[in-house]
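Peer 1: sequence first, predicted coordinates after that:
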Amino acid sequence: MDVVPGRLDSLSGRGTLYYRVLCATDQSGPSRRSGLLGAPAQAATEWLSDGSSRKTVTLVAVIVTCGAAYGAAMGSWRDPRLALYVAVKLPLLLLATAVVDALANGIWARWFGLDLPLERSLRAVLMAFALASIVLASFAPVVLLFSLTLANGDDDAARTAHDALGLVHVAAIAAAGAVAVRRQAAWVAHVHQGAPRVHAVVAVWLAVNLLVGAQISWNLRPWFGTPGMSVAFLRDRPFDGTFYGSVLRMILQHG
């Protein structure tokens, strides 16, 4: 079989993108380069301290691709159309949350005594979201298989399946977030060695991520469908209400 060098380089570049992001090493430079799952000090030096725009583009590409993979699995339970919709919406959720978080995180970092420019704040968020997206993508085949085995209709069995599926997604997202936050704390601590309360900064960042992400996810619902409701890209009047108001109503109803 004939091999076209240009074609081979293109395929190789796409095929090794996520391997390099995760744990690849690059021997072309004077020192070995580490991916996001490499030693925190090396990863922080390569990905957080390096101001190259190419790194940012790579992180965004990972978030979009891996987020779409998990999104498709998430929406597959109710309808194939919803799988397509959520494959588009989940990367949008992650990127929108990252932009808002970067602005807020930079302010909080300065309040805690860390000199963190906006660009580095955005990079730190994107690194964490990229790692979380990769973990979620690894869960996608299991979530897809689980979704396809559950009852799917408008009866009590479907409503029970809906609740079970919600717990699965919460567990998967929590696991991905835990991995990402632990790594993010190590990256920031390396870049700001000797700075006080680094872990407190990351804890505040996590709270901001949850608050912002929860509200944006409310506006972009549905995610995996609800028995008795039609499939749509967005709910009617998606900006009505808030995530926090809905939680409060549920507490009051069952309190």
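Peer 2: All right, it came through fine. Just so we're clear, the structure is a prediction, and the values are computed from it rather than from any experiment.

Peer 1: could you say what helices and strands the helix or strand hosting residue 74 packs with?
Peer 2: Using DSSP states H and E, residue 74 maps to helix 53-75. Under the contact criterion of 3 or more C-beta pairs under 8 Å, 6 or more residues apart in numbering; DSSP states H and E, helix 53-75 touches helix 17-22, helix 80-111, helix 118-149. The way it works is simple: take the backbone N, C-alpha and C, and place the C-beta from them, glycine included.

Peer 1: list the buried residues of the last one.
Peer 2: Read it as helix 118-149. For helix 118-149, burial by neighbour count (16 or more other C-beta atoms under 10 Å) applies to 120-137, 139-140, 143-144, 146-147.

Peer 1: between helix 118-149 and the next helix or strand after that helix, find me the angle.
Peer 2: Sequence-wise, the next helix or strand downstream of helix 118-149 (DSSP H and E) is helix 156-191. Computed with axes from the mean of the first three to the mean of the last three C-alpha atoms, to 10 degrees, the direction of helix 156-191 lies at 150 degrees from that of helix 118-149.

Peer 1: quick check: which helices or strands does helix 156-191 pack against?
Peer 2: Judged by 3+ C-beta pairs under 8 Å, 6+ apart, helix 156-191 is in contact with helix 40-43, helix 118-149, helix 198-219.

Peer 1: between those helices, which one is nearest to residue 72?
Peer 2: Closest of the helices and strands packed on helix 156-191 to residue 72 is helix 118-149, at 7.3 Å (criterion: C-beta to C-beta).

Peer 1: let me know the average pLDDT across that closest one.
Peer 2: For helix 118-149, the mean per-residue pLDDT is 90.
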